[in-house]
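>>> Structure for the following, please:
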Amino acid sequence: MGFIPFTFVDLIDIVLVATLLYALYRAMRGTSAPYIMMGIFVIYLVWILVRTFNLVLFSTILGQIISVGVIAILIIFQPEIRHFLQAIGRQRTNFEFLTRIFNIRSPKRHETIDLQSIVTACQEMGEQKVGALIIIKQTSDLSVVVESGIAIDARVSTALLENIFFKNAPLHDGGVVISGSRVVAAKCVLPSTQQAVPKSYGMRHRAALGMSEVSDAIVIAVSEETGGISIAHNSVIKRNIEPQRLAQSIRQMMSLNKQKSEENATKEAIQEAHNA
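Below you'll find the predicted structure:
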């Protein structure tokens, strides 16, 4: 009796499956999805045992349940699947060929962001313990988020931001989207993070982190309970930022995004020259 043949293709197959399983684990970590998957696995294992012992009635019932399992999984895991696909879509730098096929180019920002007005507003709202959620747009398309709120289209100013987030103001719930030097929308609905976060995180912090997971936007959250300022970017949130260092942190994140955009543009130019 010989050994089962093992080829290089089998090795690639194993590596791909292991990578997929690890990616699914990362996407489901911190949610209830692993418990649901365990339940599905137990049902499938029972179905195999039932078929082995030829229990016809029980096997038929479980077979009907499993036959619609794919649709059930799509419905149950809709948030996790969406988060997983969004995470893949954000990795544009790893898919240059798709960028060239669809001619995806980062939009040029011609207006300078008024950071001082944003920082001053956050500092004053923090001192007064007024909750706020500010999204600074970068290269990602935020049209869905903007459309979920109320269009404004006004120049950024400290007074405007404080007036929007005033506790009794009609627009204080949700987030404000800033693009360039303009406030484009307020009362916007943001996706909440699927990560396992400390219980001390309020809805604003969860929304800020969730927004940073699906876009390259820089999100500032001011706590209504403590007045602390947090900033989220690239699926990471930093809490209790000193107002004096807020502008510096935003500039560093903007510089990182600009550097990535320039690297992508350089790669595209080199590839176009090579193809020519």
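>>> Only C-alpha atoms from now on, for both contacts and neighbour counts.
Noted.
>>> for this protein, which spans come out with low pLDDT?
Under the criterion pLDDT under 70, the flagged ranges of the chain are 1-4, 26-35, 69-70, 73, 76-111, 257-276.
>>> According to the record, where do the domains of it fall?
8-90, 115-258 (automatic domain parsing).
>>> Report the next helix or strand after the host helix or strand of residue 144 in sequence order.
Taking DSSP states H and E as the definition, residue 144 sits inside helix 143-147. Next along the chain after helix 143-147, taking DSSP H and E as the criterion, comes strand 150-155.
>>> Flag every buried residue along that following strand.
For strand 150-155, a neighbour-count test (16 or more other CA atoms under 10 Å) marks residue 151 as buried.
>>> hang on, the earlier thing: most packed of the domains of the chain?
Each of the domains of the chain was scored by mean neighbour count; the highest is domain 115-258, a mean of 19, by mean count of other CA atoms under 10 Å.
>>> and residue 140, which of the three is it?
Three-state assignment for residue 140 (DSSP: H, G, I helix; E, B strand; the rest coil): coil.
>>> just checking, it touches residue 215?
Yes. Applying CA atoms under 8 Å, one finds residue 140 in contact with residue 215, separated by 5.6 Å.
>>> do you know how far the nearest residue to residue 162 once chain neighbours are set aside is from residue 247?
Of all residues not flanking residue 162 in the chain, residue 121 sits nearest, at 6.1 Å (CA to CA, 6 or more residues apart in numbering). Look at residue 121 and residue 247: by CA to CA, to the nearest Å, they are 12 Å apart.
>>> what's the answer for residue 20, then?
39 Å.
>>> Also residue 145?
24 Å.
>>> How about residue 220?
11 Å.
>>> Check residue 199 too.
Taken as CA to CA, the span from residue 199 to residue 247 is 28 Å.
>>> Equivalent analysis for residue 153, please.
Distance from residue 153 to residue 247, by CA to CA: 23 Å.
>>> Equivalent analysis for residue 189, please.
25 Å.
>>> And for residue 49?
Residue 49 is 62 Å from residue 247, by CA to CA.
>>> Check residue 128 too.
20 Å.
>>> what's the helix or strand for residue 184?
Judged by DSSP H and E, residue 184 forms part of strand 182-188.
>>> that's a helix at residue 226, yeah?
No. Counting by three-state DSSP, residue 226 is not found in a helix; it is coil.
>>> Name all residues that make contact with it.
Residue 226 makes contacts with 126, 129, as judged by CA atoms under 8 Å, 6 or more residues apart in numbering.
>>> Can you tell me the SS state at the nearest residue to residue 232 once chain neighbours are set aside?
Leaving aside its sequence neighbours, residue 232 sits nearest to residue 219 (CA to CA, 6+ apart; 5.1 Å). Here residue 219 is strand, with the state taken from three-state DSSP.
>>> the helices in the chain, which residues?
Applying DSSP state H to the chain gives helices spanning 8-28, 33-52, 56-67, 69-76, 78-90, 96-101, 115-127, 143-147, 158-164, 203-214, 243-275.
>>> ok, now which ones touch the nearest residue to residue 220 once chain neighbours are set aside?
Computed as CA to CA, 6+ apart, the closest residue to residue 220 that is not its neighbour in sequence is residue 231, at 4.5 Å. Applying CA under 8 Å, 6+ apart, we find residue 231 in contact with 208, 218-221, 237-239, 241.
>>> same thing but at 6 Å, please
219-220, 237-238 (CA atoms under 6 Å, 6 or more residues apart in numbering).
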